[in-house]
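Enquirer: got a predicted structure here, sequence first:
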Amino acid sequence: EKHLTYEQKLEKTNNSFAKKILEIAIEKKSNLIASADVLTTKELLDFAEKVGPNIVALKTHIDIITDFDFDETILPLKELSKNYNFLLMEDRKFADIGNTQELQFANGIYKISFWADLVTSQVIGGETSLDCFLNVGVIAILGMSSKGTLTNSDYRENALKIALSHPNVIGGVSQNKIPEDLLLFTPGVNLENSGDGKGQQYNTPEYVFKNLQTDFIIVGRGIYKAENIEKASLDYKIAGWNSYLTGNK
Ligand code: UP6
């Protein structure tokens, strides 16, 4: 089944962050987001350096970095993102009232609003709770990949309504198809494993492009645990791009 190409999606969107990620995808022939679930600044920067050429975005959980320091961690990361042309996506999964999310977004030691291009947010706090995310592309959590998640079809349908109606939202994280007005980001992607024994459920890149018509794959352990990180990122980049091309034939 044919779906819109990145070029067609680029033409349709007015959101500058959706535009940016689509432009990078087209330019780098990549739909790969590497999840940098590492614990130190050095590991984070080394990882970004290795995967940088192959990715459209680097996804962080910045609050797991044990030696976080804004100048030492974020400034060089920002530099790498410029040099290698990828976006920074903070997977914060905000899940509170608007006022609290606003405080969490700009303050504390992480000051996410100062550096993130994209942030993930739950929509459990309702539509207005997303108003605070200015100057960033919001990716709404619609459905989760973990076993036993509460994001059943009823939840997903209502979450989708919020995502579709909020101008800050450029896409959703889901394990199900969503309308093509939103970009679809799919984690739980691995070429080798089917799970991690801790509830994670994996699919292959081929599966998520064919069956979910996803736009971007998010890969964590498939890359950062690999013996050769550069090679693994290239393998996933190629697998993702070929699956996208096949899905559009
Ligand atoms: N993630 C999921 N599933 C979701 C939402 N987010 O796995 O539904 C995130 C995790 C992790 C990454 O927080 O950072 O995507 C997946 O990592 P993995 O490939 O090592 O399992």
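Expert: Okay, I see it. Numbers count the residues shown, from 1 in each chain.
Enquirer: what does this structure have sitting close to the ligand?
Expert: 35, 37, 61, 91, 144-145, 173, 187-188, 190, 200, 218-222 (CB under 6 Å from any ligand atom). (Glycine included, C-beta is placed from N, CA and C.)
Enquirer: all helices for the chain, in order.
Expert: Secondary structure of the chain, counting by DSSP state H: helices at 6-12, 16-28, 41-51, 75-83, 98-106, 153-165, 205-211, 221-224, 229-247.
Enquirer: for the chain, which residue gets nearest to the ligand?
Expert: Residue nearest to the ligand within the chain: Gly220 (2.5 Å; CB to the nearest ligand atom).
Enquirer: per-residue pLDDT, that residue?
Expert: Here, the pLDDT recorded for Gly220 equals 98.
Enquirer: check Gly247 too.
Expert: pLDDT, Gly247: 83.
Enquirer: who's in contact with it?
Expert: Residues in contact with Gly247 (CB atoms under 8 Å, 6 or more residues apart in numbering) are Glu1, His3, Phe209, Lys210, Gln213.
Enquirer: ok, and the most crowded of those residues?
Expert: Phe209 (27 neighbours; other CB atoms under 10 Å).
Enquirer: how much space separates that residue from Glu180?
Expert: From Phe209 across to Glu180, the span is 14 Å (CB to CB, to the nearest Å).
Enquirer: most packed of the helices of the chain?
Expert: For those, the largest average neighbour count (mean count of other CB atoms under 10 Å) is found in helix 221-224, namely a mean of 22.
Enquirer: surely Ile65 and Asp37 touch.
Expert: No: with contact defined as CB atoms under 8 Å, Ile65 does not reach Asp37; the gap is 10.2 Å.
Enquirer: thinking again about what came up before, and the residue of the chain closest to the ligand, what does it touch?
Expert: Ala34, Ser35, Asp37, Lys59, Pro187.
Enquirer: just Leu32 next, same as before
Expert: Per CB under 8 Å, 6+ apart, neighbours of Leu32: Asn54, Ile55, Val56, Phe216, Ile217, Val219, Ser233, Tyr236, Lys237, Gly240.
Enquirer: any regions of this protein where pLDDT drops low?
Expert: Residues of the chain meeting the criterion pLDDT under 70: 1-2, 249.
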